[in-house]
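**Student:** kindly generate the corresponding structure for this input.
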Amino acid sequence: MIGGWLRTWWTVYGPGNRYLVGVYAWGLFLVFLLVVPLPRWQLTAPSQLFLDKIVHALLFFSFALMLVIALHRHPDIPGTPIRWMVLAVVISSLLGAVLEGVQWVVPGRSPSLLDFLANTVGVVSAQGLYWWWTRRL
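**Tutor:** Residues are numbered from 1 along each chain as shown. Below is the predicted model of the structure:
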């Protein structure tokens, strides 16, 4: 019984699924970028801090947009655009929160509420673009 459920889960959501493989690859890239230890350095100029937040927003914008499109195109995940958008926001925001939390224990990294907020801005912006695009069609 569990084997059948696991096989179904792996087929629908597993990394071999052609709709989700790009999302998994980008997610691993995000984990690598945000969790790999870095030498201790500080962003001091306001322009550097602003650039850091823009990068966070763009990374999570692309992840959330890829995720919602993959959910939309996946034939085994039923639902409506609103359901896919909510699911993409929850998954993307949870990933951002976990990655920021993990930075407590990574040398050279420190969690930041502003980074999490930038991640969330990117996620919500991606869903706004997706909503606008689906309304046009």
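**Student:** what is the top helix by length along the chain packed up against?
**Tutor:** Criterion DSSP state H: the longest helix present in the chain is helix 46-73. Where contact means 3 or more Cβ pairs under 8 Å, 6 or more residues apart in numbering; DSSP states H and E, helix 46-73 is packed against helix 21-35, helix 81-102, helix 113-136. Heads up, the C-betas are built off the backbone N, CA and C, glycines and all.
**Student:** could you list the buried residues of the second one?
**Tutor:** This means helix 81-102. Of the residues in helix 81-102, 81, 84-85, 88-89, 91-93, 95-96, 99-100 count as buried by neighbour count, 16 or more other Cβ atoms under 10 Å.
**Student:** from the residues you listed, pick the one nearest Thr134.
**Tutor:** Thr134 has its nearest neighbour among the buried residues of helix 81-102 in Pro81, at 5.0 Å by Cβ to Cβ.
**Student:** how much space is there between that closest one and Leu28?
**Tutor:** Pro81 sits 26 Å away from Leu28, taking Cβ to Cβ, to the nearest Å as the criterion.
**Student:** same check on Arg109?
**Tutor:** Distance, Arg109 to Leu28, by Cβ to Cβ: 17 Å.
**Student:** okay, the buried residues of helix 81-102 in CSV with pLDDT next?
**Tutor:** Converted to CSV, the buried residues of helix 81-102 look like this (pLDDT from 0 to 100):
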residue, pLDDT
Pro81, 83
Trp84, 89
Met85, 92
Ala88, 93
Val89, 95
Ile91, 93
Ser92, 95
Ser93, 95
Leu95, 95
Gly96, 94
Leu99, 93
Glu100, 92
